[in-house]
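J.: sequence and predicted structure, then a few things I'm wondering about:
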Amino acid sequence: MKYELQPLSLKEAQTFINENHRHNVAPIRDKFRIGLNDGEKVIGVIMVGRPIARHNDDGWTLEVTRCCVLEGYKDANSMLYAAAWRATRNMGYKRLITYTLITEPGTSLVAAGWKVIGQTKARPKGWDTPSRPRVMAEKYPTEQKTIWEIR
């Protein structure tokens, strides 16, 4: 199947992700986003923004904050991850990171040239801590995650 990359507005990307992502809501903002279509409709979206973790926000690193593809579209995820890295690199950034649930194999990331660099701890209370109380406004998994990067 032939796919084509396309630009999307922030609103279009958010709508697609909110309607189709299996366990997350769309980010509020991003640096850029890329759509993927099958010639008739959008079948996938990737959103890239500043890293969520402060220690990764060094001015040279961006993070894939969401990647979402409709079921049944072979190689679409890998195409989006590769396109996100090309765009990131062409903007002058040196590193792109992302996280997957520990239960996800990351096959698309491996196919696009990404490497595992570690795992996070599980966060049963999300980002809520005694020193920084937070109300969980987002629906997101709190289980352990695998950290990936491409340089």
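T.: Sure thing, it's come through. Just so it is clear, the structure is predicted and the values come from calculations on it, not from any experiment.
J.: quick one: the helices in the chain?
T.: For the chain, applying DSSP state H gives helices covering 10-20, 76-90, 107-111.
J.: make TSV out of these and add distance to T65.
T.: Every C-beta, even on glycine, is put in place using the N, C-alpha and C of the backbone. Converted to TSV, the helices of the chain look like this (distance: least, C-beta to C-beta, whole Å):
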stretch	distance to T65
helix 10-20	10
helix 76-90	10
helix 107-111	15
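J.: now, of those helices, which is deepest in the fold?
T.: Ranked by mean neighbour count under mean count of other C-beta atoms under 10 Å, these are led by helix 76-90, which reaches a mean of 19.
J.: which helices and strands sit right next to it?
T.: Applying 3 or more C-beta pairs under 8 Å, 6 or more residues apart in numbering; DSSP states H and E, one finds that helix 76-90 contacts strand 32-37, strand 42-49, strand 61-69, strand 95-101, helix 107-111.
J.: list the helices and strands the last one packs on?
T.: With contacts defined as 3+ C-beta pairs under 8 Å, 6+ apart, helix 107-111 has these neighbours: helix 76-90.
J.: quick check, I34 in contact with L8.
T.: Yes. Counting by C-beta atoms under 8 Å, L8 is a contact partner of I34 at 7.2 Å.
J.: quick check: neighbours shared by the two?
T.: Residues touching both I34 and L8 (C-beta atoms under 8 Å, 6 or more residues apart in numbering) are V45.
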